[in-house]
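Trainee: model this:
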Amino acid sequence: MTAGAAQRSRWLTGLLLLASALLVALGTGVGSVGLENLWPALWGDAAGAADPSARAIAWQIVWDIRLPRTLGAWCAGALLGLAGAVAQGLFRNPLADPYLLGSASGASLGVATALVLMGGGAGLAGSADSAATALVFSGHWLVRLGLTGAAFVGAVLAVLLTLTLARGVQHTLRLLLAGVIVGVVLGACTSLILLLSPASLQAMQSFLLGSTAFVGWASCLLMGAAWLLCGVAAWALSRVLDGLALGESTAHSLGLPLAPLRAALVGVLALATGTAVAQTGLIAFVGLAAPHLVRGVVNVPHGRLMGLASLMGAVLLAGADLLARGLVAPQELPVGVLTAVLGGGYLLWLMHRRTGSAGGL
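Mentor: Sure, this is the predicted structure:
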């Protein structure tokens with residue numbers, strides 16, 4: 001890596017960390033109750049007086065709802081950005097995304113199955129953009145744990161099924177095709193379950209559209225721990241991705257045991273994706289776009305690329321969550337829909353620009 005690239009990567013790291021801190025600070029003030037109304041309740045009016053009950057409610061809104069939600073969006077975006085960089089390096093395909101091994105479809109099937117077993121999610125349906133609904137939902141902590149566990153188990157089982165159909169990780173193309181097939185089949189199974197159990201559809205909607213409204217402190221700690229574990233493992237395995245970028249024959253000539261190292265990378269990909277999806281539902285395009293945005297600024301080895309892509313994904317999802325809360329306040333937009341629109345628009349613009357450049361040549 002050249003000195004110029006190293007300097008640009010340091011500047012980008014600083015900017016992403018600064019943007020993260022700014023988004024977390026802004027996340028405490030955006031919602032159905034604006035910061036201008038929360039501030040007097042938190043710190044008192046001009047005379048320095050504040051109603052104790054109003055102060056308790058204001059602190060509950062900030063500490064129990066908005067701050068964990070913002071940090072949860074940051075952590076989920078970091079996991080998806082990291083998983084996207086791993087997927088694109090593992091498959092040597094810039095269009096690979098974290099859901100390529102069927103984890104998203106498996107998580108959806110797990111949640112749909114759990115909702116049917118729970119009786120269609122009775123009492124859990126509601127508007128994901130309501131703070132009151134978030135408080136009510138958080139009271140069903142046992143049910144929430146069941147849905148989260150079902151999503152994670154479904155994601156892991158889908159990846160294992162993909163590995164079984166692909167007969168391991170030796171052949172990247174076979175693994176890619178197996179992931180696509182598993183995703184389609186499990187997605188069809190989810191649709192069939194929802195068709196046979198209409199009562200589950202409304203409760204399933206926020207998961208399918210992607211939402212950070214129900215993320216609490218426990219989810220933040222879980223995603224943070226998974227991010228640290230996956231980040232350390234991905235950094236330790238980054239040499240494998242650098243070798244694969246030069247071709248499999250070159251990687252073999254470097255003495256890399258590709259089969260076990262690929263399996264470890266698939267494990268990192270599955271853990272990062274499954275943890276994020278289990279907590280926030282299906283968030284589109286963050287894992288796909290984050291590595292692209294980093295590579296558009298600086299060309300670095302995979303060790304740094306995965307760290308920068310993780311920070312970029314965190315900033316993207318935290319910013320999208322902020323927009324979802326503020327664009328049509330006091331109502332909210334599903335953050336997964338917003339990332340799909342913005343991410344799809346960005347990729348269409350990127351394709352148009354590259355097509356125009358090729359035509360010009």
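Trainee: Next, residue 109: secondary structure please.
Mentor: The three-state label given to residue 109 by DSSP: H, G, I helix; E, B strand; the rest coil is helix.
Trainee: quick one, what contacts it?
Mentor: Contacts for residue 109 (Cβ atoms under 8 Å, 6 or more residues apart in numbering) come out as 154, 158, 186, 187, 189, 190, 193. In short, each C-beta sits where N, CA and C put it, glycine included.
Trainee: Check the gap between it and residue 13 for me.
Mentor: 38 Å (Cβ to Cβ, to the nearest Å).
Trainee: Could you do residue 92 as well?
Mentor: Distance, residue 92 to residue 13, using Cβ to Cβ: 25 Å.
Trainee: again with residue 73
Mentor: From residue 73 to residue 13 the distance is 20 Å (Cβ to Cβ).
Trainee: What does residue 171 show for phi and psi?
Mentor: When quoted as degrees, to the nearest 10, the phi and psi of residue 171 stand at phi -110, psi 110.
Trainee: same check, this time on residue 298
Mentor: Per degrees, to the nearest 10, the backbone of residue 298 is at phi -150, psi 150.
Trainee: In contact with it, which residues?
Mentor: Going by Cβ under 8 Å, 6+ apart, residue 298 touches 5, 8, 9, 12, 308.
Trainee: Local confidence estimate at the first one?
Mentor: Which is residue 5. On pLDDT, residue 5 comes in at 82.
Trainee: Ok, the fourth one next?
Mentor: If you check residue 12, the pLDDT there is 94.
Trainee: Count the residues that sit near the residue nearest to it when sequence neighbours are not counted.
Mentor: Nearest non-adjacent residue to residue 12, counting by Cβ to Cβ, 6 or more residues apart in numbering: residue 297, 5.6 Å away. Residues lying near residue 297 (other Cβ atoms under 10 Å) number 15.
Trainee: you'd agree residue 297 is up against residue 15?
Mentor: No - judged on Cβ atoms under 8 Å, residue 297 makes no contact with residue 15 at a distance of 9.4 Å.
Trainee: how much space is there between the residue nearest to residue 12 and residue 246?
Mentor: 22 Å.
Trainee: again with residue 69
Mentor: For residue 69 relative to residue 246 (Cβ to Cβ), the value is 42 Å.
Trainee: and these two? which has more neighbours close in?
Mentor: More crowded of residue 69 and residue 246, by other Cβ under 10 Å: residue 69, with 27 against 12.
Trainee: Contact partners for the more buried one?
Mentor: Counting by Cβ under 8 Å, 6+ apart, residue 69 makes contact with 27, 212, 213, 215, 321.
Trainee: Save those as a markdown table, and put in distance to residue 114, neighbour count and secondary structure too.
Mentor: Shown next, in a markdown table, are those (distance: Cβ to Cβ, whole Å; neighbours: other Cβ atoms under 10 Å; DSSP: H, G, I helix; E, B strand; the rest coil):
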| residue | distance to residue 114 | neighbour count | secondary structure |
| --- | --- | --- | --- |
| 27 | 29 | 25 | helix |
| 212 | 20 | 33 | coil |
| 213 | 19 | 25 | coil |
| 215 | 18 | 25 | coil |
| 321 | 25 | 32 | helix |
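Trainee: out of these, what pair is the most spread apart?
Mentor: Greatest spacing in those, by Cβ to Cβ: 27 and 213 (12.5 Å).
Trainee: Cool, thanks, signing off.
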